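Trainee: Show me how the following folds:
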Amino acid sequence: MRILVTGGAGFIGSHYVRTLLSGGYPGYEDAAVTVYDKLTYAGNLANLAPVQDSPRYTFVQGDICDPAKLAEVLPGHDAVINFAAESHVDRSIAGASEFMNSNVLGVQVLLDACRSVGIPRIVHVSTDEVYGTIAEGAWTEKSPLDPNSPYSAAKAGGDLIAIAFARTHGVNVSVTRCCNNYGPYQYPEKVIPLFTTNLLDGKPVPLYGDGLNVRGWIHVDDHCRGIQLVLERGEAGQVYNINGDVELNNRELTEAILDKCGASWDDVVRVADRKAHDRRYCLDDSLLRSMGYAPQTAFSDGLKATIEWYAASREWWEPLHRPAPPARTTPASAEPAAE
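Mentor: From the prediction side, this is the model:
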């Protein structure tokens, strides 16, 4: 078994690769991996350092928008898992073109290349953000897509292309949609590593708006186990939601990070809310759970271990660019602003 992992030097992709090459997925202990990554700002070969000496590991620098490179690399692989994507909402608001290229065109180019060489199995990794926002209840895989940011719109486009390739061409591709991930090696533009590294440096952290936007949270290891289950047992053209064990608003998340970092609300500054900020996400992952999936990392335990990893891994995150910390002029109180 040989698996091509696109975006395998990023946060989630590298976790999948490290776990696979460490024997973490039963039946795949002898599987070989080719990591195919463009190495943008969020792609980091240091994420793969723990397994870089494995004889079952190969790295190829390449772009999923490059059909010639894909045609060169893909033959001989039994499966492809597509983690490659531009994934930061704020960056997509500032400029959408790279998101359209990677998340829409890139999916089409990759699937065309896979179809041309006859790749037997493909998993396309997506996000709950494609559903938009939900006031109550939870989305199933049949819920309509209603994205609000350029990032989520681009991801929705890629999802629809994948499903269309399954229906039109018979490509054996499944789509996964997951809630917010956290864990080690996450680029510090995302909220948990950003808040953690700022607090470790004694700097304030920014809280958007009233802080009442709600997200589900999952440890990256649980997400990757869900992806592996879909790789092994998923059906062509089917979407699978992957959820964690907790739903928190941003104030509750901030409180948990402050507590575990030994900080206080004096270190929090309220900043202007993100444009078109989705209010609440919530996934129903009953389909995947009926196949045997369940998250194994409790959020409190996973968050503690993640913060401890960042505290012990300055050599990994200090060289990386992080957003400038907010000025300490308007500290946020622990109470939400009046509506």
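
Trainee: in the stretch 51-200 of the chain, which spans are strands?
Mentor: With strands called from DSSP state E, counting those that start in this stretch, the stretch 51-200 of the chain shows them at 57-61, 79-82, 121-127, 173-178, 180-182.

Trainee: Using CSV, please lay out those together with distance to Val205, mean neighbour count and mean pLDDT.
Mentor: Every C-beta, even on glycine, is put in place using the N, C-alpha and C of the backbone. Compiled in CSV, these are given as follows (distance: least, C-beta to C-beta, whole Å; neighbours: other C-beta atoms under 10 Å; pLDDT from 0 to 100):
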stretch, distance to Val205, mean neighbour count, mean pLDDT
strand 57-61, 34, 15, 98
strand 79-82, 32, 25, 98
strand 121-127, 23, 25, 98
strand 173-178, 24, 26, 98
strand 180-182, 15, 22, 98
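
Trainee: Can you check which of the ones you listed gets nearest to Lys155?
Mentor: Proximity to Lys155 (C-beta to C-beta) singles out strand 121-127 among these, at 5.3 Å.

Trainee: in its sheet, what does the closest one sit against?
Mentor: Strand 121-127 has the following sheet partners, assigned by DSSP bridges: strand 79-82 (parallel), strand 173-178 (parallel).

Trainee: re the thing from before, just put the strands of the stretch 51-200 of the chain in TSV and tack on distance to His321.
Mentor: Below are the strands of the stretch 51-200 of the chain laid out as TSV (distance: least, C-beta to C-beta, whole Å):
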stretch	distance to His321
strand 57-61	20
strand 79-82	25
strand 121-127	23
strand 173-178	25
strand 180-182	20
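
Trainee: Of all these, which one is nearest Glu189?
Mentor: Within the strands of the stretch 51-200 of the chain, the stretch nearest Glu189 is strand 180-182; the backing value is 13.2 Å (C-beta to C-beta).

Trainee: now the helices for this protein?
Mentor: In the chain, the helices defined using DSSP state H lie at 11-21, 67-73, 89-94, 97-100, 106-117, 150-169, 191-200, 220-233, 250-261, 286-289, 299-312, 314-317.

Trainee: and those, which one's lowest on average pLDDT?
Mentor: For those, the weakest mean pLDDT is recorded on helix 89-94, namely a mean of 75.

Trainee: what's it in contact with?
Mentor: 86, 98-99, 129, 149-152, 154, 189, 274-275 (C-beta atoms under 8 Å, 6 or more residues apart in numbering).

Trainee: make it 7 Å
Mentor: The contact list for helix 89-94, computed with C-beta atoms under 7 Å, 6 or more residues apart in numbering, reads 86, 99, 149-151, 274-275.

Trainee: What of stretch 178-195?
Mentor: Counting by C-beta under 7 Å, 6+ apart, stretch 178-195 makes contact with 11-12, 14-15, 42, 47, 88, 127-128, 197, 205, 215-221, 223, 242-244, 253-254, 257, 281, 283, 302-303, 306, 309-310, 317, 320, 322-323, all of which sit outside it.

Trainee: that older thread, Ala31 is nearest to which of the strands of the stretch 51-200 of the chain?
Mentor: Taking the strands of the stretch 51-200 of the chain one by one with C-beta to C-beta, strand 79-82 is closest: 8.9 Å.

Trainee: Output the closest one as PDB, restricted to C-alpha atoms.
Mentor: Taking only C-alpha atoms (Å, rounded to 0.1, in the frame of the first residue of the first chain), the coordinates of strand 79-82 have been written out as PDB:
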ATOM      1  CA  ALA A  79      -4.800   6.000  -2.500                       C
ATOM      2  CA  VAL A  80      -4.700   9.800  -2.300                       C
ATOM      3  CA  ILE A  81      -5.700  11.900   0.700                       C
ATOM      4  CA  ASN A  82      -6.100  15.600  -0.200                       C
END
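
Trainee: hmm, who's touching that strand?
Mentor: For strand 79-82, the external contacting residues (C-beta under 7 Å, 6+ apart) are 3-6, 16, 107, 110, 114, 119-125, 227, 231.

Trainee: rerun that using 6 Å as the cut-off
Mentor: With contact meaning C-beta atoms under 6 Å, 6 or more residues apart in numbering, strand 79-82 is reached by 3-6, 114, 119, 121-124.

Trainee: cool, stretch 59-67 as well?
Mentor: Contact partners of stretch 59-67, identified using C-beta under 6 Å, 6+ apart, comprise 6, 35-36, 38-39, 69, 73, 84, 101, 105-106, 109-110, 113.
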